[in-house]
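**Q** sequence and computational prediction follow.
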Amino acid sequence: MGKQRMQETTFLILTSLASGSQHGYGIITDVIGISRGQTRLRAGTLYAALERLTGEGLIEVDREEIVESRLRRYYKLTSDGIDRLAEEADRLRSNAGVAMLRLNAQKGV
Amino acid sequence: MSDGSHLERRYRRLLALYPRAFRREHEEEMLVVLLACARDGRRGSAVPDAANLLWNAAWMRIRLIAPRSVPSVFWGVRLMLLASFFELVCLGTVIETQSSVRAAVTRHTPGLGAAHLASLMHSNVVSVDYGAPIAAAIWLVLAWANDRGHSWARIGTVGLFGLTAMSLLASVGRHAAAYAAADVIVGAILCVAAFAAMLLTITADSNRHYHPRGSDSGDGRDHREPYGRAPAWRSGPDLASWN
C-alpha cells in the first residue's frame, strides 16, 4: 500500500517549519499567510498535529525559551520531515501540472 | 479580576480535559498560544477555540482506547460507552413518558386504586432515577477496565448485561409493552448494545487482550504489549494512561 496522503493542515504546518524553527503561535500566523487566510489553525488542532508529527518523527523540539515567565517551545523539521514534505510538494506539483496542462489545452492556449 | 486571568482560568479548565500526559507536555505552551490568539483579536470569539479544545480532548481520549485493544475489545468498549449513554436515554424516556404511562395504566386497569397507582409509579420512577445513572457509571468503569485488560471487567460486563436483561424481562412480564412502549423499546436497544458488548469481550479473540503472552514474567509487573500499531501520538508509558 502507498503512503497515506498528507492532510492539508499537516502540509501547511510542515511548510511553515520549512523556513526554520517556529513556536506554536508563529506557526498559526505563518499558516494564515501561507494559505492566504484560507486556513486558520486553532490551538487544539495545532497541538494534536504537533504531537502526532513528533510521534511520527517528522518534527522535533528545537529549543525552549521562557518569555514573560511563559514557556515557548520551538519546533523544527527532522530530516524525515524534510523528505516527506518534499515528496508531498512534488506530488502536489505534479498533479497541479497535469491539471494546468489539461485546462490550458481546453482553453486552446 | 482581569479579563486575562479570567480567560486563562477558563482555558485551564478546558485543558484539564486532555489526558494528563499530554497536558504535562503541552498545557503551558497551549495556554500561551490561546491567550496570544485571544489578545491579537484576529480569531474572533473564544467560543470556537473552546469548542476546538473540547473536541480534540475528547478525540484524544477516545483514540487512547484503540492502540491497546484487539478489535473485538475495541468495539466492545465502544458499545459499553454507548450502553452508558442509553442508560441515560432510558432515564430521560421514563421521566418524559411518566404522565402518559400513568394514564395508560389507569386505562388498562381501571380497578387500581389511586394510592396503589401512585405508589407503583413512584417506586418505578425512583428505581430508574437512581438505577440508570448508577448503571451508566458502571458501564463507564467497565469500559475503562476492559480497555485496560482487567479480567474482572469481563465478569462485570456479563453481570451487568444479566441485570439489564432481567430488568427488561421483568418490565415485559409486567405488561409494560402495553402502556410504556417507548420505555421498553429504549430498554431493548440498551439490552442489545449490552449483549453485543458482552459477546465481544468474551470471544476467544479477545483473550489476547486479557491474557497476552509475556504478561506473566513472575516479577509482578505488567508486561503487556500494546496491540497493533503504535499510538499516533507518542506512546510513552505515561501517555498510555486514561487519566
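**A** Here it is on my side, so go on.
**Q** isn't residue A:71 up against residue B:28?
**A** Yes. Between residue A:71 and residue B:28 there is a contact under CB atoms under 8 Å: 4.3 Å. Where you see a C-beta, it was placed from the backbone N, CA and C, and this is true even at glycine.
**Q** can you classify the residue nearest the centre of chain B as helix, strand or coil?
**A** For chain B, residue B:81 is the residue whose C-alpha lies nearest the centre (CA atoms, centre = their mean; 3.5 Å). Secondary structure assignment for residue B:81 (DSSP: H, G, I helix; E, B strand; the rest coil): helix.
**Q** ok, it - contacts?
**A** Residue B:81 makes contacts with B:139, B:140, B:143, as judged by CB atoms under 8 Å, 6 or more residues apart in numbering or on different chains.
**Q** what residue, apart from its backbone neighbours, is nearest the last one spatially?
**A** Of all residues beyond its chain neighbours, the one nearest residue B:143 is residue B:80 (3.9 Å), with distances taken as CB to CB, 6 or more residues apart in numbering or on different chains.
**Q** kindly report the residues of chain A close to chain B.
**A** A:23-25, A:28, A:40, A:42-48, A:50-52, A:54-56, A:70-73 (CB under 8 Å from any CB of the partner chain).
**Q** which among these end up buried?
**A** A:23-25, A:28, A:40, A:42-48, A:50-52, A:54-56, A:71-73 (16 or more other CB atoms under 10 Å in any protein chain shown).
**Q** strands - which of the residues you listed land there?
**A** A:23, A:71, A:72, A:73 (DSSP state E).
**Q** tell me the strands in chain A, going along the chain?
**A** For chain A, the strands defined by DSSP E cover A:22-23, A:59-67, A:70-77.
**Q** could you list the low-confidence segments of chain B?
**A** In the predicted model of chain B, residues B:1-4, B:41-45, B:64-69, B:110-112, B:120, B:123, B:177-178, B:211-243 satisfy pLDDT under 70.
**Q** that one - how does it break down into domains?
**A** Following automatic domain parsing, chain B resolves into domains at B:3-65, B:69-210.
**Q** adding distance to residue A:78, write those out as a markdown table.
**A** Formatted as a markdown table, those follow (distance: least, CB to CB, whole Å):
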| stretch | distance to residue A:78 |
| --- | --- |
| domain B:3-65 | 18 |
| domain B:69-210 | 30 |
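**Q** which one of these lies closest to residue A:8?
**A** Nearest to residue A:8 among these is domain B:3-65 (16.5 Å), distances taken as CB to CB.
**Q** near chain A, anything from that closest one?
**A** Yes. Interface with chain A: domain B:3-65 contributes B:22, B:25-26, B:28-34, B:36-37, B:43, B:48-49, B:52-57, B:59-60 (CB under 8 Å from any CB).
**Q** so where's chain A uncertain?
**A** A:1-4, A:109.
**Q** ok, and for the longest helix belonging to it, which residues are buried?
**A** Of all segments of type helix in chain A, defined using DSSP state H, the longest is helix A:79-107. The neighbour-count check on helix A:79-107 (16+ other CB under 10 Å) flags A:81, A:84, A:85, A:88 as buried.
**Q** need the residues you listed in JSON lines (columns: distance to residue B:200).
**A** Formatted as JSON lines, the buried residues of helix A:79-107 follow (distance: CB to CB, whole Å):
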{"residue": "A:81", "distance to residue B:200": "39"}
{"residue": "A:84", "distance to residue B:200": "37"}
{"residue": "A:85", "distance to residue B:200": "41"}
{"residue": "A:88", "distance to residue B:200": "38"}
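**Q** wait, which of those is closest to residue B:205?
**A** Using CB to CB, those come closest to residue B:205 at residue A:84, 34.8 Å.
**Q** report all helices and strands that the longest helix of chain A contacts.
**A** Applying 3 or more CB pairs under 8 Å, 6 or more residues apart in numbering or on different chains; DSSP states H and E, one finds that helix A:79-107 contacts helix A:8-17.
**Q** thinking again about what came up before, I'd like the distance from the longest helix of chain A to the chain centre, please.
**A** A distance of 15 Å separates the centroid of the chain from that of helix A:79-107, by CA atoms, centre = their mean, to the nearest Å.
**Q** ok, back up a step: most neighbours out of the contacts of residue B:81, which is it?
**A** Among those, residue B:139 has the most neighbours (other CB atoms under 10 Å in any protein chain shown), with 27 neighbours.
**Q** check which helix or strand it maps to.
**A** In the assignment (DSSP states H and E), residue B:139 maps to helix B:114-147.
**Q** what comes up buried for that helix?
**A** Buried residues in helix B:114-147, counted by 16+ other CB under 10 Å: B:124-125, B:128, B:131-132, B:135-136, B:138-140, B:142-147.
**Q** quick check, nearest of the residues you listed to chain A?
**A** Using CB to the nearest CB, residue B:147 comes nearest to chain A of the buried residues of helix B:114-147, at 20.1 Å.
**Q** pretty sure the closest one sits against residue B:75.
**A** No. If you go by CB under 8 Å, residue B:147 and residue B:75 don't touch, sitting 11.5 Å apart.
**Q** who touches both of those two?
**A** With CB under 8 Å, 6+ apart, residue B:147 and residue B:75 have no common neighbours.
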